[in-house]
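K.L.:
got a predicted structure here, sequence first:
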Amino acid sequence: MALKIMNFLNRFKYARDSYLITIMIVLIAVMLNYIASNHFFRIDLTKNQIYAVSGASKKIMGNLDDIVNVKVYFSETLPPNLLAVRQYVQDMLGELSSYSKGNLAVSFLDPSDPNVRNEALSYGIPQIQMNIVEKDKLEVKNGFLGIAVVYGNKTETLPVVQNIMNVEYDLVAAVKKVTAKEDRVLGFLTGHGEPSLEDRIKVDQQGDTYSFLKQALDRNYKVVEVNLSKGDTLSNVNTLLIAGSKTSFSDDEKYAIDQFLMKGGNIVIMLDTIDVSQDLKTIALDLGLDDMLKQYGIGIEKQFVLDRSNENASFNQGFVNFIIPYPYWVKAINKYFDKTNPIVANLDSVAFPWTSPIKIYETKNVKSTILINTTGDAGLSGETFDLSPGANQNLTEKNQYPLAVLLEGEFSSYFSENSDKKDFIQKSEKPARILVIGNSRFITDRFLNNFGQNMAFAMNAIDFLTLDESLISIRSKTSFDLPIKDLSAGDRQIVKFTGILLMPIIVIVFGVLRFFARKRQKVNF
């Protein structure tokens, strides 16, 4: 009897301990889940921490003072390649919501419901065709993969989310735009033969356009075209973009630009001094801006830069298409960027096709910063040059040349103090900024499509002058290029023969060691 009681007590004690351990595990799991829902931790070993939410995003979410609704319209059934997108969006929005202190309201809606589908369509989120495997057969189905950010009567839409690299930036930019108290206006100067902001097929234009840049700018700004010759004004413009102009500016147009700067407006200048045609013929451009830019402390040389660090270019010769390194397509690399400036600090490279060097003039109360330099092995084309790929392009006099320069300070007007214009301003009312690049081709659709870092540089520059630095750090996380280190001829030979001989040497050494080891075993036996 005593033995039975002892067995019962032992079993009871064992069951009690098991239940207590189970309850403790459940409580610990609940507590860890609660902590994890409010405090996120990731080990991200990727370059620039591309899968971790950036500090800028956390700060923007934390500063929200009202409810912003994020409506996610993802179809329940998705192709395998898009399942990771849905999971990433879900995790990221959960994390952003926690940092917003409840001001970012996230809802995942099923578009299979007709009412939800109609709501998605009303926000401009389209149905897309997706290849889905069901019951061992491939089917093409319509689905949704979009997000709407709603704040009051303002809405920003991400119509199709496919690339997780851009999701954080696009979402945070949308939140920032809808919550802004006023739209930031970017004025794009027209009237001088500039490329169109619309797709060239849409406008039936033969040359390149700036449609990709326009689409990116629309996420953060109200983009307006300004034609000063037709009476348009710059009164509501925050930043003026002068890019791709080919004809001369009148005095009235220069006066409007000058006074815009004197009132504290910021200007981004991306201009060519030499036009290049499809058949590589060149025409010198006289825009009539040289003296005015010199007054501000800057100039664009009427030459081209050639650099040892360059991109490959594709050329046609008869029916043959060939790709070769082309010194006139300069590849500016991070080593020669200004690491202290957020515009370029986190970029790896920018490609400038047929670009001109910048000349800096010392100007009182104006600080000049070289954002991008060539390598020390660059040269200039001179007054006569041949752009054809087979031409002799050996650089005799090597030097380093500025390709992008930022001016900051209090500028003096190009026009005389005796100007009879009404409300004339002689000195800047407040500090202003001018960013000058001797190239407008690097932001055309053709080059943005091939060189993604060009878009990041252009957007960073405009954000820096118009908004703040927060979006720059988010965008720069996912914009990188990993160029192969440039080696000398001797180093290349070492790498080459090491690659050829190293593996055979390792195999021979291993075989010899193995041979003596087996021989020693036989002797011992």
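P.N.:
Received it, and whenever you're ready, just let me know what you need.

K.L.:
isn't there a strand covering residue 235?
P.N.:
No. Going by DSSP: H, G, I helix; E, B strand; the rest coil, the assignment for residue 235 is coil, not a strand.

K.L.:
next, count neighbours for it.
P.N.:
9 (other Cβ atoms under 10 Å). From N, CA and C alone the C-beta is placed, and that goes for glycine too.

K.L.:
quick one, grab the pLDDT at it.
P.N.:
With respect to pLDDT, residue 235 scores 90.

K.L.:
next one: residue 357
P.N.:
At residue 357, the model reports a pLDDT of 95.

K.L.:
correct me if wrong: it contacts residue 306.
P.N.:
No. Taking Cβ atoms under 8 Å as the definition, residue 357 is not a contact partner of residue 306, at 10.7 Å.

K.L.:
what touches both of these two?
P.N.:
residue 380 (Cβ atoms under 8 Å, 6 or more residues apart in numbering).

K.L.:
spatially nearest residue to residue 112, not counting backbone neighbours?
P.N.:
Closest residue to residue 112 apart from its sequence neighbours, by Cβ to Cβ, 6 or more residues apart in numbering: residue 76 at 6.6 Å.

K.L.:
that neighbour looks like it's in a helix, true?
P.N.:
No. Residue 76 is assigned coil when assessed by three-state DSSP, not a helix.

K.L.:
from residue 110, how far off is it?
P.N.:
6 Å (Cβ to Cβ, to the nearest Å).

K.L.:
same question for residue 222.
P.N.:
Distance from residue 222 to residue 110, by Cβ to Cβ: 34 Å.

K.L.:
what's the answer for residue 120, then?
P.N.:
10 Å.

K.L.:
between residue 222 and residue 110, who's got more neighbours?
P.N.:
Remark: of residue 222 and residue 110, residue 222 carries more neighbours, 16 against 12, as counted by other Cβ under 10 Å.

K.L.:
what is the subsequent helix or strand relative to the strand or helix carrying residue 260?
P.N.:
If you go by DSSP states H and E, residue 260 is part of helix 251-262. Toward the C-terminal end, the helix or strand that comes next after helix 251-262 (DSSP H and E) is strand 266-270.

K.L.:
which other helices and strands does that next one contact?
P.N.:
With contacts taken as 3 or more Cβ pairs under 8 Å, 6 or more residues apart in numbering; DSSP states H and E, strand 266-270 sits against strand 239-243, helix 251-262, strand 432-437, helix 452-466.

K.L.:
next, the angle from the last one to strand 266-270.
P.N.:
It stands for helix 452-466. Interaxial angle, helix 452-466 versus strand 266-270 (axes from the mean of the first three to the mean of the last three Cα atoms, to 10 degrees): 150 degrees.

K.L.:
and helix 452-466, average pLDDT?
P.N.:
On average, helix 452-466 scores 92.

K.L.:
just the residues contacting that helix, thanks.
P.N.:
So helix 452-466 is contacted by 184, 186, 212-213, 216-217, 220-221, 238-239, 241, 266, 268, 341-344, 347-351, 404, 433, 435, 442-443, 447-448, 469, 471-472, 475-476, 479-481 (Cβ under 8 Å, 6+ apart).

K.L.:
so, low pLDDT: which residues of the stretch 351-500 of the chain?
P.N.:
383, 390-396, 417-419, 476-490 (pLDDT under 70).

K.L.:
tell me the contacts of the closest residue to residue 68 other than its chain neighbours?
P.N.:
Once flanking residues are discounted, residue 68 sits nearest to residue 151: 4.9 Å by Cβ to Cβ, 6+ apart. When contacts are counted by Cβ under 8 Å, 6+ apart, residue 151 is found next to 66, 67, 68, 69, 175, 178, 179.

K.L.:
how about residue 431?
P.N.:
264, 408, 409, 410.

K.L.:
tell me which stretches of the stretch 201-350 of the chain form strands.
P.N.:
Residue ranges of the strands in the stretch 201-350 of the chain, as given by DSSP state E, counting those that start in this stretch, are 222-226, 239-243, 266-270, 274-276, 282-284, 298-300, 305-307, 310-317, 320-333, 349-353.

K.L.:
quick one: the helix holding residue 260 to strand 266-270, angle?
P.N.:
Using the same axes, to 10 degrees: helix 251-262 against strand 266-270 is 130 degrees.

K.L.:
the nearest residue to residue 292 once chain neighbours are set aside: what's it in contact with?
P.N.:
Of all residues not flanking residue 292 in the chain, residue 414 sits nearest, at 4.3 Å (Cβ to Cβ, 6+ apart). By Cβ under 8 Å, 6+ apart, the contact set of residue 414 is 254, 258, 291, 292, 295, 296.

K.L.:
now swap in residue 93 and tell me
P.N.:
70, 72, 104, 106, 171.

K.L.:
distance of it relative to residue 162?
P.N.:
In terms of Cβ to Cβ, residue 93 sits 16 Å off from residue 162.

K.L.:
then residue 221?
P.N.:
Separation of residue 221 from residue 162 (Cβ to Cβ) stands at 24 Å.

K.L.:
out of those two, which sits in the busier spot?
P.N.:
When residue 221 and residue 162 are compared for neighbours, residue 221 comes out ahead with 21 against 12, by other Cβ under 10 Å.

K.L.:
dig out what the closest residue to that one other than its chain neighbours forms beta bridges with.
P.N.:
Closest residue in space to residue 221, ignoring its immediate chain neighbours: residue 186 at 4.3 Å, by Cβ to Cβ, 6+ apart. Taking DSSP bridges as the rule, residue 186 bridges to residue 223, residue 239.

K.L.:
name the residues of stretch 78-93 that are buried.
P.N.:
For stretch 78-93, the neighbour count (16 or more other Cβ atoms under 10 Å) marks 78, 82, 85, 86, 88, 89, 92, 93 as buried.

K.L.:
quick one: the residues you listed as TSV, columns for pLDDT too.
P.N.:
What follows is these, written out as TSV (pLDDT from 0 to 100):
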residue	pLDDT
78	77
82	77
85	83
86	85
88	86
89	88
92	87
93	88
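
K.L.:
looking at the residues you listed, which is nearest residue 320?
P.N.:
Using Cβ to Cβ, residue 82 is the member of these that sits closest to residue 320, with 40.1 Å.

K.L.:
the closest one contacts residue 162, doesn't it?
P.N.:
Yes. With contact defined as Cβ under 8 Å, residue 82 counts as touching residue 162 (7.1 Å).

K.L.:
so what sits against both of those two?
P.N.:
residue 145.

K.L.:
dump the residue contacts of residue 188.
P.N.:
Residue 188 sits in contact with 194, 197, 210, 214, 223, 224, 225, 226, 241, 243, where contact means Cβ under 8 Å, 6+ apart.

K.L.:
identify the residues contacting the fourth one.
P.N.:
By Cβ under 8 Å, 6+ apart, the contact list for residue 214 reads 188, 197, 198, 223.

K.L.:
I'd like to know how many residues surround the last one.
P.N.:
Residue 223 has 17 neighbours, counted by other Cβ under 10 Å.

K.L.:
next, residue 406: phi, psi?
P.N.:
phi -110, psi 130 (degrees, to the nearest 10).

K.L.:
cool, thanks, talk later.
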